[in-house]
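J.: Please work out how this folds:
(chains A, B, C, D and E)
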Amino acid sequence: MIIGIVVGSVFSTRKSEKLVGNKFMIVRPLETMSAGTQQEFVAIDIIGAGVGEKVLVARGSAARIGCDCPDAPVDAAIVGIIDEGQEVR
Amino acid sequence: MIIGIVVGSVFSTRKSEKLVGNKFMIVRPLETMSAGTQQEFVAIDIIGAGVGEKVLVARGSAARIGCDCPDAPVDAAIVGIIDEGQEVR
Amino acid sequence: MIIGIVVGSVFSTRKSEKLVGNKFMIVRPLETMSAGTQQEFVAIDIIGAGVGEKVLVARGSAARIGCDCPDAPVDAAIVGIIDEGQEVR
Amino acid sequence: MIIGIVVGSVFSTRKSEKLVGNKFMIVRPLETMSAGTQQEFVAIDIIGAGVGEKVLVARGSAARIGCDCPDAPVDAAIVGIIDEGQEVR
Amino acid sequence: MIIGIVVGSVFSTRKSEKLVGNKFMIVRPLETMSAGTQQEFVAIDIIGAGVGEKVLVARGSAARIGCDCPDAPVDAAIVGIIDEGQEVR
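T.: Residues are numbered from 1 along each chain as shown, chains lettered A, B, ... in the order given. The predicted model follows:
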């Protein structure tokens, strides 16, 4: 998994019907977790993370397990919110 | 998932018969989603995206779920079109 | 999937018996599809691609579906040959 | 798999209930195993590795097998501790 | 798959019991197959490759198929030894 910061969300009206009801959050990986490139990606959120929060993200087939949506075309999911006060850069 | 722009399509007459009937779109990831390299790839499209549209793409095994084609050799699928007017760079 | 050019093939006599009968082609991704690095890889070929041809390659678990070999340790497969005359760089 | 060094751990109180009970360790890949970028990630630990130890990490779907947690949204797991005294850089 | 050179091996006494009996080889990808970075990784070996040999490696879920160990947390496996005398750089 990696840790990133939720920097926004995005909407898609025309989409796979298996994605209906999901929230698409834009996540920017921490600098140390992306070799400084901070290459963003879109993750499904089932935890209720808000913009600015540090989150734990699972990718690949783990994401479908993370969002309890084995039939949704999902390859990244927010699976936890990092507790505040921890020094993770 | 990542967000990219459909920049073209490609045709393949000699192909796996499991791919017959699919449209192959060339997707260029947004700058922020590819660390500036904008490394393109080919995705199956089941949403009906056109060239120039911003799309949500699922990769890996999620793509086969996204295209409702569990038996097709597909590793990327357009699963949504990003609503216009959103500031996603 | 990505598009690449077949630049050679390679032989392996001592190999997993599940790979017997397969052709191992070396594929160089197009410049636009590899951020200019053109990092090559080895793919199984079931389409009959020749050196110099532009091919569509599926990677990951999709490759085993692409080569109709669910029990072979394969993570990349040529699943189509790009029609000639298309401007894909 | 890759070899990395455990450089810390991280806590998440609000998380997927399938992750309850797991330890989240931050792993920094060895220089030779990350092209010098040493891009860190978070792995589940079932071996009992401590900060500073060199560990073997499995990623992707292998991680869920590694942590005996097929239903947890996990994409990296510490599956071994490298014996001391070995010159692995 | 990619081609690499076996540059060493590594031992882990404290490890997942599903990994007992496996050999962990350190593989350095060929220059052309790693964009010059030659980022090393650890692969299970079931073929009996020695240090200095050029090997074919499958990664991801293919590795578990390659090592006949569907229940082992393995994400890379040596599945063939490249025949000598071939000019693969």
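J.: Every contact and neighbour count from this point should use C-alpha atoms.
T.: Noted.
J.: quick check, the helix-or-strand element of chain A with minimal mean pLDDT touching chain D?
T.: In chain A, no helix or strand scores lower on mean pLDDT, DSSP states H and E than helix A:61-66, which sits at a mean of 91. Yes. Counting by C-alpha under 8 Å from any C-alpha of the partner chain, contacts between helix A:61-66 and chain D involve A:61, A:62, A:63, A:64, A:65, A:66.
J.: give me the residue from chain A nearest chain B.
T.: Here chain A gets closest to chain B at one residue, residue A:15, 3.8 Å apart by C-alpha to the nearest C-alpha.
J.: List the contacts of that residue.
T.: Residues near residue A:15 by C-alpha atoms under 8 Å, 6 or more residues apart in numbering or on different chains: B:47, B:79, B:80, B:81.
J.: Sort out for me which of these are in strands.
T.: Filtering those for membership in strands, criterion DSSP state E, returns B:79, B:80, B:81.
J.: how deep is the residue nearest to the last one when sequence neighbours are not counted tucked in, by neighbour count?
T.: In space, and not counting its chain neighbours, residue B:81 is closest to residue B:55: 4.3 Å by C-alpha to C-alpha, 6 or more residues apart in numbering or on different chains. Around residue B:55 there are 30 other residues, counting by other C-alpha atoms under 10 Å in any protein chain shown.
J.: looking just at contacts, which helices and strands does the strand or helix carrying residue B:55 meet?
T.: Using DSSP states H and E, residue B:55 sits within strand B:54-59. Counting contacts by 3 or more C-alpha pairs under 8 Å, 6 or more residues apart in numbering or on different chains; DSSP states H and E, strand B:54-59 is packed against strand B:2-10, strand B:76-81.
J.: let's go with 10 Å and repeat that
T.: Counting by 3 or more C-alpha pairs under 10 Å, 6 or more residues apart in numbering or on different chains; DSSP states H and E, the packing neighbours recorded for strand B:54-59 are strand A:14-15, strand A:41-45, strand B:2-10, strand B:24-29, strand B:41-45, helix B:61-66, strand B:76-81.
J.: when you scan the fourth one, is anything in it near chain C?
T.: The reference is to strand B:24-29. Yes. Applying C-alpha under 10 Å from any C-alpha of the partner chain, one finds strand B:24-29 in contact with chain C at B:24, B:25, B:26, B:27, B:28.
J.: and that strand, which residues are buried?
T.: Neighbour-count burial for strand B:24-29 flags B:24, B:25, B:26, B:27, B:28, B:29 (criterion: 16 or more other C-alpha atoms under 10 Å in any protein chain shown).
J.: for stretch A:66-83, same thing?
T.: Of all the residues in stretch A:66-83, those buried under the rule 16+ other C-alpha under 10 Å are A:66-67, A:70, A:72-82.
J.: any idea how far the spatially most central residue of chain A is from residue A:78?
T.: Taking C-alpha atoms, centre = their mean, the centroid of chain A lies closest to residue A:43, which sits 3.3 Å from it. Residue A:43 sits 6 Å away from residue A:78, taking C-alpha to C-alpha, to the nearest Å as the criterion.
J.: Spell out which residues are contacts of both of those two.
T.: Residues touching both residue A:43 and residue A:78 (C-alpha atoms under 10 Å, 6 or more residues apart in numbering or on different chains): A:6, A:24, A:25, A:27, A:57, A:58, A:59, A:63, A:67.
J.: Is it possible to get these out as TSV so that each row also shows distance to residue B:86?
T.: Formatted as TSV, these follow (distance: C-alpha to C-alpha, whole Å):
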residue	distance to residue B:86
A:6	16
A:24	13
A:25	13
A:27	16
A:57	24
A:58	26
A:59	25
A:63	25
A:67	25
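J.: Of those, just say which sits nearest to residue E:86.
T.: residue A:59 (37.6 Å; C-alpha to C-alpha).
J.: bridging residues for the residue of chain A closest to chain B?
T.: Beta-bridge pairing for residue A:15 (DSSP bridges): residue B:80.
J.: For residue A:14, list the residues it contacts.
T.: With C-alpha under 10 Å, 6+ apart, residue A:14 has these contacts: A:20, B:47, B:48, B:49, B:55, B:79, B:80, B:81, B:82, B:83.
J.: sorry, that was for residue A:44
T.: A:9, A:19, A:22-27, A:57-58, A:63-64, A:66-67, A:74-79, B:1.
J.: one step back: for residue E:39, which of the helices and strands packed on strand B:54-59 is the nearest?
T.: strand B:41-45 (22.8 Å).
J.: and the gap between the residue lying closest to residue A:54 once chain neighbours are set aside and residue A:57?
T.: Distances taken as C-alpha to C-alpha, 6+ apart put residue A:5 closest to residue A:54, at 4.5 Å, once the chain neighbours are dropped. Separation of residue A:5 from residue A:57 (C-alpha to C-alpha): 10 Å.
J.: ok, now residue A:9?
T.: 15 Å.
J.: Kindly report the residues of chain A close to chain B.
T.: So chain A meets chain B at A:8-19, A:24-28, A:34, A:36-44, A:59-61, A:63-64, A:70-77 (C-alpha under 10 Å from any C-alpha).
J.: on that earlier part again, which of the buried residues of strand B:24-29 are close to chain A?
T.: Okay, of those touching chain A (C-alpha under 10 Å from any C-alpha), that's residue B:29.
J.: Including pLDDT, could the buried residues of strand B:24-29 go into a markdown table?
T.: Formatted as a markdown table, the buried residues of strand B:24-29 follow (pLDDT from 0 to 100):
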| residue | pLDDT |
| --- | --- |
| B:24 | 96 |
| B:25 | 97 |
| B:26 | 97 |
| B:27 | 97 |
| B:28 | 96 |
| B:29 | 95 |
